[in-house]
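Asks: A structural model of the following input is requested.
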Amino acid sequence: MRGAGGVEKVRAGVFQTIKNRFQSGFTLLELLIAITIFAVIATLVYSTFNAVISKTDAIKEESTVNEMAAACLNRISMDLQALYVEQYPLYKPPDYDDDPDPYRFVGETEYIGGEQFPRLGFASTEHLPMSGKQKPASGNSGAIPSGLARIRYHVDKPGDAAPDSGYVLKRGDTPWPYDDSDGIDRDPEKDPVLCTDISELRFIYLDEKGDEFETWDSEAEDMDYATPRAVQVYLKIDIGSRQYPFSTRVVLPVFREPLERAEK
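Replies: Next comes the predicted model:
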């Protein structure tokens with residue numbers, strides 16, 4: 001067995017070795033290993049931080065798009081649910097030289113920037129009267145309801161927009177009395193924007209049998225002067241490389257039956 005003096009010598013030798021180690025510094029291999037470990041840890045920390053930031057940005061973007069689409073579809077639904085239609089016998093099918101029905105329901109298609117989009121016009125009581133009078137519930141009593149307006153939806157491509165940017169959906173609102181002899185679009189450039197970054201918009205009109213139509217004209221003989229029973233709305237918004245599709249169906253609370261059925 002070693003004596004106390006031997007243990008002290010060993011201990012002194014170990015401390016001297018450590019002291020010499022610190023004094024002589026680290027070898028190149030040890031420095032490279034330390035740098036590699038630090039780089040790996042830093043990469044992991046950055047990747048985790050970047051993933052959190054990216055996910056937060058994606059959540060904010062999706063939330064913003066959902067809010068905009070919801071507001072857009074809600075606005076369309078409210079306008080259609082307050083649809084004003086003139087019924088028989090007040091409504092009479094037009095002769096060839098008659099003025100257009102001011103309360104007609106017209107869904108058409110047009111080309112904007114090389115893409116086909118719908119445009120829609122109808123009478124609705126969803127205009128806010130400047131007098132502040134309470135508008136009545138949707139219906140057809142024969143009198144012009146307070147708050148009646150000509151509503152129009154159409155897609156536009158802003159003149160100052162980038163070539164790869166999306167389209168915008170505009171909503172026009174012209175209160176009664178209005179001159180609608182020129183069509184459903186009046187001063188479309190002045191209409192406020194309801195939704196942006198649109199890549200696709202479709203209005204599908206359903207008749208009483210559930211058959212679908214891409215266009216509709218309540219003044220047309222082939223529609224037998226009827227109005228739709230429901231409208232299906234398809235909306236797609238593109239933000240960057242992501243697409244957000246939305247849809248809703250609006251069952252119209254008022255409608256005009258086909259003339260043939262009314263005559264029976």
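
Asks: What are the boundaries of the helices in the stretch 1-150 of the chain?
Replies: For the stretch 1-150 of the chain, applying DSSP state H, counting those that start in this stretch gives helices covering 4-24, 28-81.

Asks: where among these is the average confidence lowest?
Replies: Among those, helix 4-24 carries the lowest mean pLDDT, at a mean of 56.

Asks: Centre-most residue in this protein?
Replies: With distances taken as CA atoms, centre = their mean, A69 lies nearest the centre of the chain, 2.9 Å away.

Asks: Would you confirm that it contacts Y244?
Replies: Yes. If you go by CB atoms under 8 Å, A69 and Y244 touch, sitting 6.8 Å apart. All C-beta spots, glycine's among them, are computed from the backbone N, C-alpha and C.

Asks: Need the residues touching each of the two.
Replies: Common contacts of A69 and Y244 (CB atoms under 8 Å, 6 or more residues apart in numbering): I237.

Asks: Tell me how far S124 lies from T64.
Replies: 28 Å (CB to CB, to the nearest Å).

Asks: the more surrounded of those two?
Replies: S124 (22 against 11; other CB atoms under 10 Å).

Asks: Run through the residues that contact the more buried one.
Replies: S124 neighbours (CB under 8 Å, 6+ apart): 79-80, 82-84, 148-149, 151.

Asks: repeat that with 10 Å
Replies: 78-85, 103, 138, 145, 147-151, 173 (CB atoms under 10 Å, 6 or more residues apart in numbering).

Asks: before we move on, what about V65?
Replies: Per CB under 10 Å, 6+ apart, neighbours of V65: 195-197, 237-239, 242-244, 246.

Asks: And the furthest pair within these?
Replies: Across the contacts of V65, the longest distance by CB to CB is 16.0 Å; it joins C195 and R242.
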